[in-house]
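Undergrad: Here is a sequence with its predicted model. Questions after.
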Amino acid sequence: MAEIQTHPYDLIILGASGFTGKYVVREALKFFNTPTSPLKSFALAGRSQAKLRQALQWAAHPSPPPSIPILIADTTDLSSLQTLSSQTKLILNCVGPFRLLGEPVVAACTSSGCDYLDICGEPEFMEKMEAKYHEKAIETGSLVVSACGFDSIPAEMGLMFNSRQWLPPAVPNRVEAYLSLESDKRIVGNFGTYESAVLGIANADKLQELRRSRPKRARPAILGPPPPKGPLIEHQKKVGLWAVKLPSADPIVVRRTLASLTENPHGLPGVNESAEWAEKRKSFWSTVKPAHFGLKIGTKSLLGILRILTLGVFMGILARTSFGRWLLLKFPSFFSLGWFKKKGPSEDEVQSASFKMWFVGHGFSDSNLASQRNSKPDMEIITRVMGPEIGYLTTPIILVQCALILLSQRGNLPKGGAFPPGILFGPTDLQERLQQNGISFDVISKSRLPA
């Protein structure tokens, strides 16, 4: 008879004392030992016991901190990570940059069969982990899922939400997302995000090399012509923004999900799913239609776009040399024009910030029109995802809800493997959970385009 493995903890938050980690702890405490939550036991892990205790005290304030175990682990100490992963069903990894510190955690989880979620927005790391650990994860029953924060769940779920508004015979052709970051005070970003972006530019060649070494993925069949290139700076009047292309992980993660869906048109079967769930999963994916996807960052003024372009020029030039990277990382506030600081935003700056992500979909009122020569989209559907500050509020909300789904619905998910989040969480109740926790999904308009 097979031995049933038991674990002391439902999940462990690794890097719990970091800038984002402590907000993840605060979010997790909201669902700890509540009647309807599967989260009955969890622990905090990191390098410093004192800092972890301070993070727990901060997260629990104004209540006294609950009795949560503190575990010592270091991403440079593989044995400590193996011990960690053997004690829990799930690790939430908040330790970045992931290209430098993430792989040992994935290796430990896939070795022990522990599930793994992170908040990474680094394409090279995600694709490298899939290439190296997917087969091992299938073998041991470990789910490895990156980008379970603002990168890239709003983009994945937002695209699916827009796609599902195209009721037959209508079909989408392309969906452009426009991200607007808003605040009553000044916007200050996460230094970890800035550091990851600098390292990503520096290592862009390695990502291309990795992709050339891997088998080609299936391409979704998207009806209609390829999207036009468009201007460098766009004035999107429908949503009131000036916008420029954002070199983000989101389009890459979306394409990985669409490739997985092309290879598995009914989605991924659960390791122990019921017939009812299998039907629900197939029904959900039958309503998701692939589309070309792009992402732009927008501001209400042209001056704001020029500021973004200036930051892009600084990073594009300086990140390619070691001295330039040193300058960028030593003086982030100067080179980012005040958008990123090493000490991060204040609590007031976090609480005053929010985001809107508009999804402007263009397609055809009838799929037969898409196959006609020189056809152009004749229909537009605009949807929106909206929520609180992206790095410290929205990201923890998303990560914790993904974790709760894994803990409560594990049988409906694949045995193991490395996947983008959309192909796993699409048919679950993640959208409803996000809506219950302050992240909204709305249909803004449906209209015909002029001929």
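TA: Looks like it arrived, so ask away. Numbers count the residues shown, from 1 in each chain.
Undergrad: show me the contacts for L309.
TA: 233, 244 (C-beta atoms under 8 Å, 6 or more residues apart in numbering). Using the backbone N, CA and C atoms, a C-beta is placed for each residue, glycine as well.
Undergrad: can you rerun that using 10 Å?
TA: L309 makes contacts with 232-233, 244, as judged by C-beta atoms under 10 Å, 6 or more residues apart in numbering.
Undergrad: residues of stretch 40-47 that come out buried?
TA: 41-47 (16 or more other C-beta atoms under 10 Å).
Undergrad: these two touch, right, L11 and L92?
TA: Yes: at 6.0 Å, L11 and L92 qualify as touching, with contact defined as C-beta atoms under 10 Å.
Undergrad: what is in contact with those two at once?
TA: 28, 42, 115, 117, 400, 403, 406.
Undergrad: residue ranges of the strands in the protein, please?
TA: 9-14, 42-46, 70-72, 88-93, 115-118, 143-145, 171-183, 233-236, 241-245, 292-299, 353-364, 379-388, 417-419, 440-448 (DSSP state E).
Undergrad: Of the ones you listed, give the one that comes closest to R212.
TA: strand 417-419 (19.3 Å; C-beta to C-beta).
Undergrad: Which strands and helices lie in contact with the closest one?
TA: Under the contact criterion of 3 or more C-beta pairs under 10 Å, 6 or more residues apart in numbering; DSSP states H and E, strand 417-419 touches helix 103-112, helix 123-140, strand 143-145, helix 250-263, helix 421-425.
Undergrad: For it, buried residues please.
TA: Within strand 417-419, the residues that count as buried by 16+ other C-beta under 10 Å are 417-419.
Undergrad: Go through the residues you listed and name the one nearest P215.
TA: Distances from P215 to those, taken by C-beta to C-beta, are shortest for A418, at 14.8 Å.
Undergrad: Isn't that closest one up against Y133?
TA: Yes: A418 lies in contact with Y133 (C-beta under 10 Å); the separation is 5.6 Å.
Undergrad: ok, the closest residue to R320 other than its chain neighbours - contacts?
TA: Nearest residue to R320, sequence neighbours excluded (C-beta to C-beta, 6 or more residues apart in numbering): A202, at 6.4 Å. A202 makes contact with 99, 315, 318-322, 324-325, 328 under the criterion C-beta under 10 Å, 6+ apart.
Undergrad: could you redo the last one with a cut-off of 8 Å?
TA: Taking C-beta under 8 Å, 6+ apart as the criterion, A202 is in contact with 319-320, 325.
Undergrad: ok, it to R217 distance?
TA: 25 Å (C-beta to C-beta, to the nearest Å).
Undergrad: In the stretch 251-400 of the chain, mark out all the helices, start to finish.
TA: With helices called from DSSP state H, counting those that start in this stretch, the stretch 251-400 of the chain shows them at 275-286, 302-318, 322-330, 332-335, 347-352, 367-370, 395-408.
Undergrad: which stretch among those comes nearest L449?
TA: Closest to L449 of these is helix 367-370 (C-beta to C-beta; 11.7 Å).
Undergrad: packing partners for the closest one?
TA: In this structure, helix 367-370 packs against strand 171-183, with contacts taken as 3 or more C-beta pairs under 8 Å, 6 or more residues apart in numbering; DSSP states H and E.
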